[in-house]
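Enquirer: Quick check, what structure comes out for this input:
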Amino acid sequence: MEEKMEKDPAGRGEDSREGQDQVKGGFFSSLIDIFLDPSKVFSRIDSGLKWWKAFIVLAAINAAIAWFSLPLQIHLARLNENGFAEERVQTTIDGMQRMGWTGMIIAPIGILIVLFVIAGLVNMIVNLVSARSDFKKILSLVCFTGLIGTLEQIIAAIIIHARGIEEIESRAESTVSIGPLALMPEAGGFVAALMQSLSVFQIWYYIVFTLGVAAIFRISWKKALVPAATLWILGVLAALLTQKLSGMS
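Expert: This next block holds a predicted model:
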């Protein structure tokens, strides 16, 4: 007994050692664990894993995607599905070509704003049901789970370039969905936005996010569904808005 107390003076036994094991590793381990064993990432976030490190990864990836997407955007402008005057189309393309690097700067800034808005909204909801609510922890969770959605963007970009940009004949063909939207290629409007939000990676993201909120803030998964469901609804509305703006561009 005395020997055991010397090894564990606080008297917490196996639970303490198990908790310490859960938080082993750090940022680089979390980049992998968020996909393979997210519970480890939740423990690290609860122990102070910083959000800005994951944001740097998100920013770098989105900047690269913005750059590699430029040829696709120029090609879609040339298709001129909205029937704009040729002078307007050419002016738009010239602007894209001149300001290509701007997208690499704007993308990370836009991502940062979105992450802060999401974290603020989730923080307000979690604060209603948990005294442990912490904006920085929520922001860290939002950043790390955001890597799941970013993986979908990377795969979509690879598929588009593998198909060949010049082979795309409409804006609809430029959309890659790893989910039910792929079975409804002609869908548009709200139905398309809804199906897009139910892709494999989006469902994966919402599940991990829900489990993360529940684990970090010690609430039931049912209560954790509330902020996740709120984000899902906003995601559908954002996709619908993007469709409208793309149709007007």
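Enquirer: C-alpha from now on. contacts and neighbour counts both.
Expert: OK.
Enquirer: so what does the helix or strand where Ile32 lies touch, helix or strand wise?
Expert: Using DSSP states H and E, Ile32 falls within helix 27-36. Packing partners of helix 27-36 (3 or more C-alpha pairs under 8 Å, 6 or more residues apart in numbering; DSSP states H and E): helix 38-46, helix 51-79, helix 135-163.
Enquirer: closest to Gly100 out of those helices?
Expert: Nearest to Gly100, of all those, is helix 51-79, at 6.9 Å by C-alpha to C-alpha.
Enquirer: Show me which positions of the helix or strand following the closest one end up buried.
Expert: Scanning forward in sequence from helix 51-79 by DSSP H and E, the next helix or strand is helix 86-98. For helix 86-98, a neighbour-count test (16 or more other C-alpha atoms under 10 Å) marks Val89, Ile93, Met96 as buried.
Enquirer: Who are the packing partners of the helix or strand following helix 86-98?
Expert: For helix 86-98, the following helix or strand on the C-terminal side (DSSP H and E) is helix 100-127. Applying 3+ C-alpha pairs under 8 Å, 6+ apart, we find helix 100-127 packed against helix 51-79, helix 135-163, helix 221-248.
Enquirer: could you give the angle of the second one to helix 38-46?
Expert: Think helix 135-163. 140 degrees (axes from the mean of the first three to the mean of the last three C-alpha atoms, to 10 degrees).
Enquirer: and helix 135-163, what other elements does it pack with?
Expert: In this structure, helix 135-163 makes packing contacts with helix 27-36, helix 38-46, helix 51-79, helix 100-127, helix 200-216, judged by 3+ C-alpha pairs under 8 Å, 6+ apart.
Enquirer: Report the distance from the next helix or strand after it to the chain centre.
Expert: Later in the chain than helix 135-163, the nearest helix or strand by DSSP H and E is helix 189-196. Between the centre of helix 189-196 and the centre of its chain there are 18 Å (C-alpha atoms, centre = their mean, to the nearest Å).
Enquirer: now stretch 185-197
Expert: 19 Å.
Enquirer: now do stretch 211-228
Expert: Centroid separation between stretch 211-228 and its chain, computed with C-alpha atoms, centre = their mean, is 18 Å.
Enquirer: Which positions in it come out as buried?
Expert: In stretch 211-228, counting by 16+ other C-alpha under 10 Å, buried: 211-217, 219, 223-225, 227-228.
Enquirer: same question, stretch 44-55
Expert: For stretch 44-55, by 16+ other C-alpha under 10 Å, it's Arg44, Ile45, Asp46, Leu49, Lys50, Trp51, Ala54, Phe55.
Enquirer: May I see these organised as JSON lines, with distance to Ser177 and pLDDT added?
Expert: Converted to JSON lines, the buried residues of stretch 44-55 look like this (distance: C-alpha to C-alpha, whole Å; pLDDT from 0 to 100):
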{"residue": "Arg44", "distance to Ser177": "32", "pLDDT": "97"}
{"residue": "Ile45", "distance to Ser177": "31", "pLDDT": "97"}
{"residue": "Asp46", "distance to Ser177": "33", "pLDDT": "96"}
{"residue": "Leu49", "distance to Ser177": "32", "pLDDT": "95"}
{"residue": "Lys50", "distance to Ser177": "32", "pLDDT": "93"}
{"residue": "Trp51", "distance to Ser177": "28", "pLDDT": "96"}
{"residue": "Ala54", "distance to Ser177": "25", "pLDDT": "96"}
{"residue": "Phe55", "distance to Ser177": "24", "pLDDT": "97"}
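Enquirer: Could you find which two of these are furthest from each other?
Expert: Asp46 and Phe55 (17.3 Å).
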